[in-house]
Every structure is written in C-alpha cells, then in structure tokens.
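Undergrad: Everything below, folded, please.
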Amino acid sequence: MDTNGITTQNGNNNNGIISTVPDVILSPSRQESLSDSLLDSSEINDETDIETMRQRIHEMEEEAEKLKQMQFEVEKQMQLPGTTGTCI
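TA: Next up, the predicted model:
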C-alpha cells in the first residue's frame, strides 16, 4: 500500500482490485473469424434498415399518388359548369 492508502500492483494503480482474470488473447485466425461474424451481423442490420427504408419510400409514393388524385378531383370539380372556378 502506498501513502495514499491505494494498493498498487506492478506499479499500476488499480484501486485495490487485484486482477485474477488474464486478458483474452485471440489467435489471428480467431480474430478474423470474430471480425467476420461481427461484419455479418452488421450487414444483416444494414439489410433490415435498407428494407425498412424501401418500404417507407413505397408508402410515401403511394401517399403522393393519392394526393395527386385528390388534387385532380378538386381541380375537376372547380371546372364544373355553373361554378366560378375560384375558391374562397
């Protein structure tokens, strides 16, 4: 214990915690395998995100088409005989 009451081990201040678990060391081939697995799961999430975006774009296109149709109907009604063609 040093003068501050903090236990140090090998000159490193670890706040009195003695590490009994060694750092995990992976072989290069295992590192690559783990990296590939993480990338695969990331790609799955990306594909899901892209599919969600495509679906939302499709919904927005359908809504835009409905709005165009509504606008056409309103313009057609404004041009009926007996109407002034203006909106108040």
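
Undergrad: Tell me which other helices or strands the strand or helix carrying T52 touches.
TA: Secondary structure from DSSP states H and E places T52 in helix 28-78. On a contact count with 3 or more Cβ pairs under 8 Å, 6 or more residues apart in numbering; DSSP states H and E, helix 28-78 meets no helix or strand. (C-beta placed from N, C-alpha, C; glycine too.)

Undergrad: Low-confidence bits of this protein, can you list those?
TA: Along the chain, the parts satisfying pLDDT under 70 run over 1-24, 26, 39-43, 82-88.

Undergrad: one more time with 80, if that's ok
TA: Scanning the chain for pLDDT under 80 picks out 1-45, 80-88.

Undergrad: Please determine how far N45 is located from P28.
TA: Noted for N45: a distance of 26 Å to P28, by Cβ to Cβ, to the nearest Å.

Undergrad: do the same with R54
TA: Using Cβ to Cβ, R54 is found at 38 Å from P28.

Undergrad: Likewise for D46?
TA: D46 sits 26 Å away from P28, going by Cβ to Cβ.

Undergrad: Ok, T48 next?
TA: The value you get for T48 to P28, if Cβ to Cβ is used, is 31 Å.

Undergrad: So those two - more neighbours on which side?
TA: T48 (10 against 7; other Cβ atoms under 10 Å).

Undergrad: what's the helix or strand for L80?
TA: Applying DSSP H and E, one finds L80 in no helix or strand.

Undergrad: can you count the residues close to it?
TA: For L80, the neighbour count with other Cβ under 10 Å is 8.

Undergrad: now swap in E73 and tell me
TA: E73 has 10 neighbours, counted by other Cβ under 10 Å.
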